[in-house]
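Q: what follows is a predicted structure for the sequence shown.
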Amino acid sequence: MDCADCQEQVHEYLQREVNEDLAAAITAHIANCDHCEDLYATEDQLNKVIRESCETQTPEQVIDKIRQHIAELG
Amino acid sequence: MLMTPKSQAEKAEALKLIQFEQQAIPLMPKLMRKAMEFTFNNRADAEDLMQETYAKAYRYWESFEQGTNIYGWLKTILKHTSINRSAKESKHQQVGVLDGMADYKLGDEAHSVTVRATKSAESEVLDNLASNDVQDAVDNLKPEFRAVVQMAIVDGYSYQEIADILEIKIGTVMSRLHRGKKTLREVLYKYAQEEGYNVEAAAKESVVREAKKGSKK
């Protein structure tokens, strides 16, 4: 595992789309490489802010409408 | 009646709601029967599942290819939402990749593997952004990128599930996610600079901190 491999896989690692062996190799690399740890931290942080900002993206009025239609189902 | 002028975005949103009501809502009785099947006839669970499914369908609306099979599309979202809901209930028993990483770091601290509590300069910049900025940046992504970012990061779908719902290849899911996130990083970094957050100073500070830590060894 080198930096280029690690950078290529960082998204898949974050999305848990890599197998156990690869995950272990990436974890080991990140633990020993400041540069890749920074990259991982930045991507992880980006995911966090996206999650926090976009979680309730369906407008309240739409949710209300959906709820109302569901309640009307016999 | 006097109409107030609407912005382009408001018009698009209104059109989206009309399409959604005309196409997705009428299929509710049919979807509800599926939802009852998935929840073993528990009405309250089925209603929750329906609500989550339809809220997602609305969010992903732009990614639905008009004119194709909408029932199939909604059913795929319903199915994956149902699977993810039951998975969430038993999630605390699983140890994921990232939890494993935390263990690894703790375990290896004694062997002098670098463990850093500080954040990278760039992630600090991200931390200081307003939630509106992030939402704007996501909204401004191309629809095909936004759908993948939303599904993978916010809703936690697997690549395979996203590929199923959007009817694209897994490789396409990956490349859209990578490109979407790259665009977001660039846009958000620019926002931060415009808002006067001193990116260079943060970077410098982080270098100094690193150097100090290094000298302690």
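A: Yep, it's here.

Q: quick one: the spatially most central residue of chain B and B:Asn42, what's the gap?
A: Closest to where the C-alpha atoms of chain B average out (CA atoms, centre = their mean) is B:Val154, at 2.5 Å. From B:Val154 across to B:Asn42, the span is 26 Å (CB to CB, to the nearest Å). C-beta: built from backbone N, CA, C; applies to glycine.

Q: likewise B:Ile83?
A: Using CB to CB, B:Ile83 is found at 16 Å from B:Asn42.

Q: any stretches of the chain with poor pLDDT?
A: This is for chain A. Applying pLDDT under 70 to chain A flags residues A:56-57.

Q: try again with chain B
A: Residue ranges of chain B with pLDDT under 70: B:1-6, B:88-121, B:196-217.

Q: and with 90 instead?
A: B:1-16, B:59-68, B:80-81, B:83-140, B:143-144, B:150-151, B:154-157, B:164-167, B:187-217 (pLDDT under 90).

Q: can you map out the strands along chain A?
A: For chain A, applying DSSP state E gives no strands.

Q: find the nearest non-adjacent residue to B:Gln66, please.
A: Leaving aside its chain neighbours, B:Gln66 sits nearest to B:Gln19 (7.9 Å; criterion: CB to CB, 6 or more residues apart in numbering or on different chains).

Q: tabulate the CA atom coordinates of the one helix or strand the one you found maps to in PDB.
A: Secondary structure from DSSP states H and E places B:Gln19 in helix B:8-23. C-alpha atoms of helix B:8-23 as PDB (Å, rounded to 0.1, in the frame of the first residue of the first chain):
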ATOM      1  CA  GLN B   8     -36.200  30.100 -11.200                       C
ATOM      2  CA  ALA B   9     -35.500  27.800  -8.300                       C
ATOM      3  CA  GLU B  10     -39.000  28.300  -6.900                       C
ATOM      4  CA  LYS B  11     -40.500  27.500 -10.300                       C
ATOM      5  CA  ALA B  12     -38.400  24.300 -10.600                       C
ATOM      6  CA  GLU B  13     -39.400  23.300  -7.100                       C
ATOM      7  CA  ALA B  14     -43.100  23.800  -7.900                       C
ATOM      8  CA  LEU B  15     -42.900  21.800 -11.100                       C
ATOM      9  CA  LYS B  16     -41.100  19.000  -9.300                       C
ATOM     10  CA  LEU B  17     -43.900  18.900  -6.700                       C
ATOM     11  CA  ILE B  18     -46.600  18.800  -9.500                       C
ATOM     12  CA  GLN B  19     -44.800  15.900 -11.200                       C
ATOM     13  CA  PHE B  20     -44.300  14.100  -7.900                       C
ATOM     14  CA  GLU B  21     -48.000  14.400  -7.100                       C
ATOM     15  CA  GLN B  22     -49.200  13.300 -10.500                       C
ATOM     16  CA  GLN B  23     -46.800  10.400 -10.900                       C
END
